[in-house]
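J.: no sequence for this one, just the structure:
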């Protein structure tokens, strides 16, 4: 072997240096992002959020999910989780956060028990009415034994009481939202009204279900009745509003003080608490009537 051949062979055996992005070898430092850029980037994913939630019929949750995304993005930037990479825009990172938040929300929704809001309570004599319960809450292939019949009758009672507790126009909008074909486009004002109606009906159904779960023997006085009625509401804000304002019937300066106290306790604005009063009152009245009718003794 010649000297020249040996040199060539040694050169071929030397490792070829790989191309490394120098920016990846630098120490990690948080990248400051202007607030305006964060808000614009988050608002840019709204159509994506609405489209994904619409696939499970929960487009009405878009505003809540958008708020979760804002908090996740803000927290990620503040904690330094965002790392600026060459050729990768900040909006792309926000899109990734959005995908994770949407997926988590959809998993939670699919894991929750849903109520059969598509049945027509007035057609109880119809032989196919029990199958109508399967449209949202029950599997058509489930066991048709005694437990299945009991579950269906229980769901039927919830639907009947829910429909009696909401405005007829709200019920109609909710049914229209649940039965109309899905549209993958920016929401219209009518869409938002329908989604709000669905939320009202669902929250009312949860309140009715909680009221029916209360043991009648536990409600022994009017004080017990009012206390349980407030506890049946579906969210912490609604329960606190019902207990502190609706149940006590506060007015004037006392109501303003109650709004200020609740806002500080719940970490929200006084205006937000004030907006919840009307809805909390309707839900409280619905649960109160159900509990009152089920009392074993009349005080």
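T.: Thanks, I have the structure now. In this text the structure is predicted, and so the values were computed from the model without any measurement.
J.: CA only for contacts and neighbour counts going forward, please
T.: Noted.
J.: Residue 71: neighbour count?
T.: Residues near residue 71, counting by other C-alpha atoms under 10 Å, number 12.
J.: List the contacts of the residue lying closest to residue 270 once chain neighbours are set aside.
T.: For residue 270, the nearest residue in space outside its immediate sequence neighbours is residue 263; the separation is 5.2 Å by C-alpha to C-alpha, 6 or more residues apart in numbering. Remark: with contacts taken as C-alpha atoms under 8 Å, 6 or more residues apart in numbering, residue 263 is in contact with 269-270, 273.
J.: let's see it at 10 Å
T.: Residues in contact with residue 263, defined by C-alpha atoms under 10 Å, 6 or more residues apart in numbering, are 237, 257, 269-274.
J.: Show me the shaky parts of the stretch 151-299 of the chain.
T.: Applying pLDDT under 70 to the stretch 151-299 of the chain flags the ranges 151-155, 180-187, 295-299.
J.: hey, where'd the strands end up in it?
T.: In the stretch 151-299 of the chain, no strands are found when defined by DSSP state E, counting those that start in this stretch.
J.: re the thing from before, tell me the spacing between the residue nearest to residue 270 and residue 281.
T.: When C-alpha to C-alpha, to the nearest Å is the yardstick, residue 263 and residue 281 sit 18 Å from each other.
J.: Look up phi and psi at residue 45.
T.: Residue 45 has phi and psi values of phi -100, psi 10 when expressed as degrees, to the nearest 10.
J.: Excluding chain neighbours, what is closest to it?
T.: In space, not counting the residues next to it along the chain, residue 45 is nearest to residue 95; the distance is 6.8 Å by C-alpha to C-alpha, 6+ apart.
J.: How about residue 165?
T.: In space, and not counting its chain neighbours, residue 165 is closest to residue 286: 6.0 Å by C-alpha to C-alpha, 6+ apart.
J.: who's in contact with the one you found?
T.: Going by C-alpha under 10 Å, 6+ apart, residue 286 touches 161-162, 164-166, 204, 207-208, 211, 229, 232-233, 280.
J.: Out of those, which end up buried?
T.: 161-162, 165-166, 204, 207-208, 211, 229, 232-233, 280 (16 or more other C-alpha atoms under 10 Å).
J.: before we move on, back to that, just the ones of the contacts of residue 263 in helices?
T.: Among the contacts of residue 263, the members falling in helices are 237, 257, 270-274 (criterion: DSSP state H).
J.: now these in a markdown table, with neighbour count?
T.: Formatted as a markdown table, those follow (neighbours: other C-alpha atoms under 10 Å):
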| residue | neighbour count |
| --- | --- |
| 237 | 20 |
| 257 | 14 |
| 270 | 18 |
| 271 | 11 |
| 272 | 12 |
| 273 | 19 |
| 274 | 18 |
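J.: on that earlier part again, dump the buried ones among the contacts of residue 286 into CSV; add distance to residue 101 as well.
T.: Output for these, formatted as CSV (distance: C-alpha to C-alpha, whole Å):
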residue, distance to residue 101
161, 34
162, 31
165, 33
166, 32
204, 27
207, 27
208, 30
211, 32
229, 34
232, 29
233, 27
280, 29
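J.: quick check, nearest of these to residue 247?
T.: Out of these, the one with the shortest distance to residue 247 is residue 229. That distance is 9.1 Å, counting by C-alpha to C-alpha.
J.: List the contacts of residue 42.
T.: Residues 36, 66-67, 69-70, 73-74, 91, 94-95, 97-98 are the ones in contact with residue 42 under the rule C-alpha under 10 Å, 6+ apart.
J.: Check residue 106 too.
T.: For residue 106, the residues meeting the contact criterion (C-alpha under 10 Å, 6+ apart) are 52-53, 55-56, 58, 100.
J.: Show the model's pLDDT score for it.
T.: According to the per-residue confidence, residue 106 scores 81 in pLDDT.
J.: Show me what stretch 243-252 is in contact with.
T.: For stretch 243-252, contacts defined as C-alpha under 10 Å, 6+ apart pick out 226-231, 237-242, 254-259, 261-262, 274, 277-278, 280-282, 284-285.
J.: Just the buried ones out of those, please.
T.: For these, burial is judged from neighbour counts taken by 16+ other C-alpha under 10 Å, and it is met by 226-231, 237-242, 255, 258-259, 262, 274, 277, 280-282, 284-285.
J.: any idea how far residue 271 is from residue 264?
T.: Residue 264 sits 12 Å away from residue 271 when distances are taken as C-alpha to C-alpha.
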